[in-house]
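1. Provided below are the primary sequence and the corresponding predicted coordinates.
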Amino acid sequence: MQFSQKRNQRSGCSAVKFYTPPKLHIGKDWYVDFYAFDPASGTMRRKKFKLNNISNKRDRRIYASDLMSRIFEELQAGWNPWIQAASGATYSTLQDACEAYEAYLSKLLQEDLLREKTCKGYRSYLNIMLEWNASQPRPKNYIYQVDHTFCVRFLD
């Protein structure tokens, strides 16, 4: 009984796909495309690489084959085209970043580099931002989503 429950749980998880394998499309326009989950919109979005700039059809096929295998390997390794990651920190959740900031504030407070009143004010402002974010129709979940627009909307 336990084995069948575990198998059903695993099959439920495997039904959720975060990308589709890349495919070559041949016609007037040659391109390789695939779908990947966009965490900002919560939907699958298509990514497309055009190949018409390669004039020879044989070279185009060779390049497309190589491109598809490289994309597939990257997707399997966790790459997402919708997350432009300059570093691993951009994959962090907003909640994790705020907790790290609170730990940083505590360290500054312990080292007497920050007054108690200042630390309390920073934490209060951080909590207000988190509450405001949670009340939005599409709350931001990842640190890469916190951009200029997010900050301006929060400050307004």
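-> Here it is on my side, so go on. Worth saying up front: this structure is predicted, and the values here are computed from it rather than measured.
2. Which parts of this structure belong to which domain?
-> Domains of the chain are assigned by automatic domain parsing as 18-76, 88-155.
3. What's the end-to-end length of the shortest one?
-> Which is domain 18-76. 10 Å (Cα to Cα, to the nearest Å).
4. nearest spatial neighbour of the residue nearest the centre of the chain, skipping sequence neighbours?
-> Central residue of the chain (Cα atoms, centre = their mean): Ile83, 4.3 Å from the mean position. Once flanking residues are discounted, Ile83 sits nearest to Tyr144: 5.9 Å by Cβ to Cβ, 6 or more residues apart in numbering. Every residue, glycine included, has its C-beta placed from N, CA and C.
5. A helix includes that neighbour, no?
-> Yes: counting by DSSP: H, G, I helix; E, B strand; the rest coil, Tyr144 is found in a helix.
6. On the pLDDT front, check it for me.
-> For Tyr144, the pLDDT comes out at 75.
7. Relative to Pro22, how far out is it?
-> Taking Cβ to Cβ, to the nearest Å as the measure, Tyr144 falls 23 Å from Pro22.
8. And for Pro139?
-> Pro139 is 31 Å from Pro22, where distance means Cβ to Cβ.
9. now the helices for the chain?
-> Secondary structure of the chain (DSSP state H): helices at 2-14, 57-76, 94-110, 116-134, 148-155.
10. Now the shortest one - C-alpha only, PDB.
-> Backbone C-alpha positions of helix 148-155 (Å, rounded to 0.1, in the frame of the first residue of the first chain) are rendered in PDB as follows:
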ATOM      1  CA  HIS A 148      12.600  49.800 -10.300                       C
ATOM      2  CA  THR A 149       8.900  49.600 -11.000                       C
ATOM      3  CA  PHE A 150       8.300  47.500  -7.800                       C
ATOM      4  CA  CYS A 151      10.100  50.000  -5.700                       C
ATOM      5  CA  VAL A 152       8.400  53.000  -7.100                       C
ATOM      6  CA  ARG A 153       4.900  51.400  -6.700                       C
ATOM      7  CA  PHE A 154       5.800  50.500  -3.100                       C
ATOM      8  CA  LEU A 155       7.000  54.000  -2.300                       C
END
